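> Provided below are the primary sequence and the corresponding predicted coordinates.
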Amino acid sequence: MDATWIVSANASRARIFSQAGSSAGLEEIESMVNAGARLRTSESESDKIGPTSAGKSIHNTGNATPNKAFEPHQTPVEHQSELFARSVAEALLKGQQQGRFRELCIVASPEFLGVLRQQLNPNVASAVRLEINKDYTQASPAELQEHIKAHQAKG
């Protein structure tokens, strides 16, 4: 199919749209929600996060530092974001394998865009024609289409 898929995403929500032609409107074909992103850390993790856990370290502040026996590579929030990016990437790979799109446009919040890029299959990554690092997940399909056209006019 000659359709273009547009992914509008952030760490908690992803919407996938299909556009049959350059003048056609956007049709939402899938909406994904990351329920884990809406939970508090205490609700999703059973272990206590210590004062030196990833990104929250008090190291080199002049204060006494606690035992550094364990420092996770990523925070629970970052882990949930990565898992969600993986599920979005799998949905895109499945759509490409089924021949549902030829080109891909990714519009995502800057933080999530980097995580999603790492999870994309190389075949899907080669189909990406445009990346916009903005969060338009709350925009209507018409508004999203206008933002994309404005971005393309700049570039």
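Okay, I see it.
> Next SSE downstream of the lowest-mean-pLDDT helix or strand in the chain?
Least confident helix or strand, the chain: helix 41-44 with a mean of 51, by mean pLDDT, DSSP states H and E. Downstream of helix 41-44, the next assigned helix or strand under DSSP states H and E is helix 76-97.
> Report the mean per-residue pLDDT for that next one.
For helix 76-97, the mean per-residue pLDDT is 95.
> what packs against that helix?
Secondary-structure packing of helix 76-97 (3 or more C-beta pairs under 8 Å, 6 or more residues apart in numbering; DSSP states H and E): strand 4-9, strand 13-19, strand 27-33, helix 41-44, helix 110-119, helix 122-126. No exception for glycine: its C-beta is placed from N, CA and C like everyone else's.
> So which residue is smack in the middle of this structure?
With distances taken as C-alpha atoms, centre = their mean, the residue of the chain nearest its centroid is residue 112 (3.9 Å).
> Distance of that residue relative to residue 154?
Here residue 112 is placed at a distance of 22 Å from residue 154 (C-beta to C-beta, to the nearest Å).
> and residue 132, bridged to which residues?
Counting by DSSP bridges, residue 132 is bridged to residue 107.
> let me fix that: residue 16
Going by DSSP bridges, residue 16 forms beta bridges with residue 7, residue 30.
> Residue ranges in this protein under the pLDDT threshold?
Flagging of the chain using pLDDT under 70 yields the residue ranges 1, 37-72.
> how close does residue 111 get to residue 23?
Counting by C-beta to C-beta, the gap from residue 111 to residue 23 is 33 Å.
> Between the two, point out the one with more neighbours.
Legend: neighbour count by other C-beta atoms under 10 Å for residue 111 and residue 23, higher for residue 111 (14 against 6).
> Is residue 32 in contact with residue 91, as I believe?
Yes: using C-beta atoms under 8 Å, residue 32 is in contact with residue 91, at 6.9 Å.
> Next, show the common contact partners of these two.
residue 16 (C-beta atoms under 8 Å, 6 or more residues apart in numbering).
> about what we covered before: so can I have JSON lines of the helices and strands packed on helix 76-97 showing distance to residue 85?
As requested, these are arranged in JSON lines below (distance: least, C-beta to C-beta, whole Å):
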{"stretch": "strand 4-9", "distance to residue 85": "8"}
{"stretch": "strand 13-19", "distance to residue 85": "9"}
{"stretch": "strand 27-33", "distance to residue 85": "11"}
{"stretch": "helix 41-44", "distance to residue 85": "17"}
{"stretch": "helix 110-119", "distance to residue 85": "4"}
{"stretch": "helix 122-126", "distance to residue 85": "12"}
